[in-house]
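**Student:** Sequence plus the predicted model coming up.
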Amino acid sequence: MTSTHAIEQEAPAATAAPSPILTVDGYSGGFGRGEDYRPVLHEVSFTVARGELTAVVGETGSGKSLTAMSILGIQPPAFVRTGGRMEFAGRDLLGCGDQEMRTVRGRRISMVFQDARAALNPVFPVGTQLADVAKRHHGMSRALAREAAVEALRSVRIPEPGRRARQYPHEFSGGMAQRVMIAMALLCEPELLILDEPTTGLDVTIQAEIMDLITELGRSRGLSTLLITHDLGVVAETAQHVVVMRQGRVVETGTTAGLFLTPTDSYTRTLLAASRLEAKS
Amino acid sequence: MTALEPAGAATALHYPIVDIRGLTKHFRVGRPRRDLVALDGVDLAVEAGQTTALVGESGSGKSTLARCLVGLLPVTAGEVLLDGIDLAGLGSVALSRTYRDIQMVFQDPHSSLNPRRSVYQAVTEPLRLHLGLDRAAQRARARELMSLVGLEDQHLERMPHELSGGQRQRVGIARAIAVGPKVVVLDEPTSSLDVSVRGQILDLLLGLQQRLGMTYLFISHDLQAVRRVADRVCVMYLGSIVEDGPADEVLDRPRHPYTRALMSAAPVAEYGVRRERLRLAGEIPSPVDLPAECRLAGRCPYVRDSCRTAVPPLVTVEGTHRSACPVPLPS
Amino acid sequence: MTTTVAQAPAPAAPPARARRRARFARFSGPLGVRIGLAIVAAYLLVAVLSWFWTPYDPLALAVGDPYGAPSAAHWLGTDRLGADVLSRLMAATRVNLVVMLFAVATGLAVGTALGTLAGYFGGVTDTVIMRILEVFQAFPTLLLAMLVVQAVGPGTVNLILIMAFVGMPPYLRLVRAEVMSRRSWQFAEAARMVGARPMRVAFGHLLPNSIGPVLAYIAVNAAWVSLLTAALGFLGLGLPPGTPEWGSMVARGQDAIMTGQWWVSFFPGLAIVGIAGACYLLGDGLADFLDPRRSS
């Protein structure tokens, strides 16, 4: 990529829609080498628009999580990329070195995983872990970072944030722990937030509140979000764009309205039908 | 098919084949020891030949109820009657004999099959231990079971890790129905499966029920699945039943604030369906040292002073539809 | 009702015999395991051979000169009493292997059984078993073994029982922990409902799924038993005096090392190192071999 091209990227043309924050283009790869090579991703392509929520939907083995991890460069070491590119805000993600990747990861792209309690360190209070992130990313003093941590808990609507900040992860329910993870992700003020099955395993009432929170944060902060999920119900309520994956391929992409009202791919239709069960006659 | 056919014409009659009365389960937790109330005097009648769904979130006590019902957990107080026999008082030998009448399909098809036993061994063990069938009869029944649950004979030789999640759950179902039970407890049978497999398993269960006339107790937090299979729905919250009634009535015209909150939170895979959300404050409280008031009092938007004086009992709303909320809610 | 399954068919399952063969091929695959197998096979061969034939009578004294260096007549030399080192070494291999095999088998059986009981039933059963175990484990192993040997007197059967007894606790602890962690697995509950009595659930379902790490530990235990037997033999304990045994052979030659007659102690020492090393090499491969889930 030439430097002139990069400059063009930073000043998007007024005529067209703003450039997507993330472009995944023809991303392919698999596990194993030589005769044992087993492809798992086939030409995966999609974009995440700025300020919108894009959902990647798929079942077990669709490759949706692997794709998400590849964006941050945290795919399993055995995964071999065979082609394609990923571009984040005009920057080639696959070409950049480890050092550069580290500055992108966390600072500009944050990720929230399914099992929030496993992602928190059990021996430190939650507030300390949040404050560490604030210190690392913004170079804050200890006292300021502490305040930022409490503020972050407040922003994800955790009641009594001051008291909760002194508590340990095991004192948080699954839903509350997931809020903490979102707070931690947002502390870095990322441009892109990746949520990998953030509500799987949570009760429906908790799930609804977490998804409300995500939608609202996205709106108020103009956050671009990539949501990885298997639940079309969650997608219908929160996403603007949908990418449907099956066995390592993107089978359909489109706006949420288009996909739900006029699905074109047969697998999408199967998935939709399976998500809407009839009542017992 | 012989023993797999329904037992006489019993299925045509309407009578509670399972009758749970005042079922209470406490766990001793923490130091100093305190009582965690997992089930708080639950009454539940399961009609023969029907599917009764038990709905609730984690901590509601629905899985504890299932385990108490089949004797995997000892009960603290109350009766669990299966065809008039109290299972709660049985010793292990007599209890083992009742497993010819009541069986369970477990939630996680990964851990419910012994990883060292083939499918054949898994489905024939109950035939050997409960029915004492000889080898030839076992093999014939195993084949029959495979076709009943939509698998093929060749699957009998497989090990669990060679099967997909849906196939494993089919094996779990085959094992449960092997001895021709009257009642099958289904403990979240689809919650760890993909959506496209969920429908297949639910249809399989419905088909088997029609064919063999079994009674199901279907435990789930998945309201879609419940709507698909249930005749009756019981909603549990914090160890108590807060609403029960015919499935369509409870699901379409929920009466209790908790049921409404649950229904309104469940995502629907339709575009542009905006639901009126009923939000409950905070999270489900710890079931230790519960005060004598409505369990939902601390979270309910419709709470009144009268809710805090006693635990409200289930009262009839209409027909067999009952709710444990005396406050008139906006419809 | 539909009987077709709209799921991707699982890969064709190999018949059980082919599966076992494939597992064995993998077990014998790594170089370390193959070396370990070869060494153990050689020891067994020598042990069996010593039953029928040794160059000289291993118990006979003065079949050659005292401290005779290795020669055509005495391949590994002779010791202080003029006994043939090779003959004694061959007989000692038989004695040591018998002690090792039976001690390991007994310790494994008793430890596994008690561990399964403690792990599955918990409560009082567990408390009683574990407290008794802790009392014995409070003594240093070698000291405990020495005390018991002194108490019951020398003899092969006594030695085997003592080795099994002091080697049993790790089996018990490993099995107990594994069974406990799997007790709440749904297949244990499912087995109850299938009609299995508690003992059958514990020994028929939970134990086979908990035995993997235990069997891998066998190799470590076998090496340890060999070393401890030799240590006792070196101290002149365990077997009747004069019985060919690696440890006592090393002891018989220890004075001569300083004066240059290295062969008296060196060859039995090498035998001890060899069997311990082979056991450790086998240990790694064994863990893989015993896990059915690793076969795909």
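**Tutor:** Arrived safely. Residues are numbered from 1 along each chain as shown, chains lettered A, B, ... in the order given.
**Student:** residues touching the residue of the stretch 51-200 of chain C found nearest chain B, list them.
**Tutor:** Residue nearest to chain B within the stretch 51-200 of chain C (C-beta to the nearest C-beta): residue C:195, separated by 3.4 Å. Bear in mind the C-beta positions are built from the backbone N, C-alpha and C, glycine included. Residue C:195 makes contact with B:96, B:99, B:100, B:125, B:126, B:129, B:130, B:179, according to C-beta atoms under 8 Å, 6 or more residues apart in numbering or on different chains.
**Student:** Among those residues, name the ones in helices.
**Tutor:** B:96, B:125, B:126 (DSSP state H).
**Student:** isn't the first one right up against residue C:200?
**Tutor:** To tie it back to what came earlier, the one meant is residue B:96. No: contact status for residue B:96 versus residue C:200: not in contact, 10.4 Å apart, counting by C-beta atoms under 8 Å.
**Student:** Just grab the bridge partners of the residue most central in space within chain A for me.
**Tutor:** Geometric centre of chain A, nearest residue: residue A:194, 1.2 Å, by C-alpha atoms, centre = their mean. The partner list for residue A:194 in beta bridges (DSSP bridges) reads residue A:111, residue A:226.
**Student:** Which strands or helices does the host helix or strand of residue B:168 pack on?
**Tutor:** Assessed by DSSP states H and E, residue B:168 sits inside helix B:165-177. Helices and strands touching helix B:165-177, as assessed by 3 or more C-beta pairs under 8 Å, 6 or more residues apart in numbering or on different chains; DSSP states H and E, comprise strand B:102-105, helix B:119-126, helix B:135-148, helix B:195-212, helix C:186-193.
**Student:** Looking at these, which one is packed in the most?
**Tutor:** strand B:102-105 (a mean of 27; mean count of other C-beta atoms under 10 Å in any protein chain shown).
**Student:** so what does that strand touch, helix or strand wise?
**Tutor:** helix B:165-177, strand B:183-187, helix C:186-193.
**Student:** neighbours around residue C:173, how many?
**Tutor:** 18 (other C-beta atoms under 10 Å in any protein chain shown).
**Student:** next one: phi and psi at it?
**Tutor:** Taking degrees, to the nearest 10, you get phi -70, psi -40 for the backbone angles of residue C:173.
**Student:** Ranking by neighbours, what's the top pick from the contacts of residue C:195?
**Tutor:** Counting by other C-beta under 10 Å, top hit in the contacts of residue C:195: residue B:126 with 27 neighbours.
**Student:** wait, that residue sits on residue B:181?
**Tutor:** No: counting by C-beta under 8 Å, residue B:126 does not reach residue B:181; the two are 9.5 Å apart.
**Student:** Between those two, which contacts overlap?
**Tutor:** Joint contacts of residue B:126 and residue B:181 (C-beta under 8 Å, 6+ apart) are residue B:99.
**Student:** any idea how far residue B:30 is from residue B:222?
**Tutor:** According to C-beta to C-beta, to the nearest Å, residue B:222 and residue B:30 sit 32 Å apart.
**Student:** Would you state the helices of chain C in chain order?
**Tutor:** Under DSSP H, chain C gives helices at C:16-27, C:31-52, C:85-121, C:123-137, C:141-152, C:156-183, C:186-193, C:198-200, C:207-210, C:212-234, C:246-258, C:263-289.
**Student:** ugh, wrong one, chain B
**Tutor:** B:62-69, B:92-98, B:119-126, B:135-148, B:165-177, B:195-212, B:223-229, B:247-252, B:257-265.
**Student:** And for chain A?
**Tutor:** So, for chain A - with DSSP H - the helices run A:3-10, A:64-72, A:98-104, A:116-119, A:126-138, A:142-155, A:161-164, A:174-187, A:204-221, A:232-238, A:256-261, A:266-275.
**Student:** and those helices as TSV, adding mean pLDDT?
**Tutor:** As requested, the helices of chain A are exported to TSV (pLDDT from 0 to 100):
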stretch	mean pLDDT
helix A:3-10	41
helix A:64-72	91
helix A:98-104	78
helix A:116-119	83
helix A:126-138	90
helix A:142-155	92
helix A:161-164	92
helix A:174-187	90
helix A:204-221	89
helix A:232-238	92
helix A:256-261	93
helix A:266-275	93
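**Student:** Serialize these to TSV and add fields for mean neighbour count and distance to residue C:78.
**Tutor:** Below are the helices of chain A laid out as TSV (neighbours: other C-beta atoms under 10 Å in any protein chain shown; distance: least, C-beta to C-beta, whole Å):
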stretch	mean neighbour count	distance to residue C:78
helix A:3-10	10	86
helix A:64-72	22	69
helix A:98-104	12	66
helix A:116-119	17	66
helix A:126-138	20	72
helix A:142-155	18	78
helix A:161-164	16	81
helix A:174-187	23	74
helix A:204-221	19	82
helix A:232-238	24	84
helix A:256-261	18	90
helix A:266-275	18	83
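**Student:** Identify the spatial nearest neighbour of the residue of the stretch 201-331 of chain B found nearest chain A, chain neighbours not counted.
**Tutor:** Chain A sits closest to residue B:267 of the stretch 201-331 of chain B, with a gap of 2.9 Å, by C-beta to the nearest C-beta. Leaving aside its chain neighbours, residue B:267 sits nearest to residue A:233 (2.9 Å; criterion: C-beta to C-beta, 6 or more residues apart in numbering or on different chains).
**Student:** for residue A:91, same thing?
**Tutor:** residue A:104 (7.3 Å).
**Student:** Can you tell me how far the one you found is from residue C:285?
**Tutor:** 43 Å.
**Student:** Residue B:121 now?
**Tutor:** From residue B:121 to residue C:285 the distance is 27 Å (C-beta to C-beta).
**Student:** Could you do residue B:34 as well?
**Tutor:** 50 Å.
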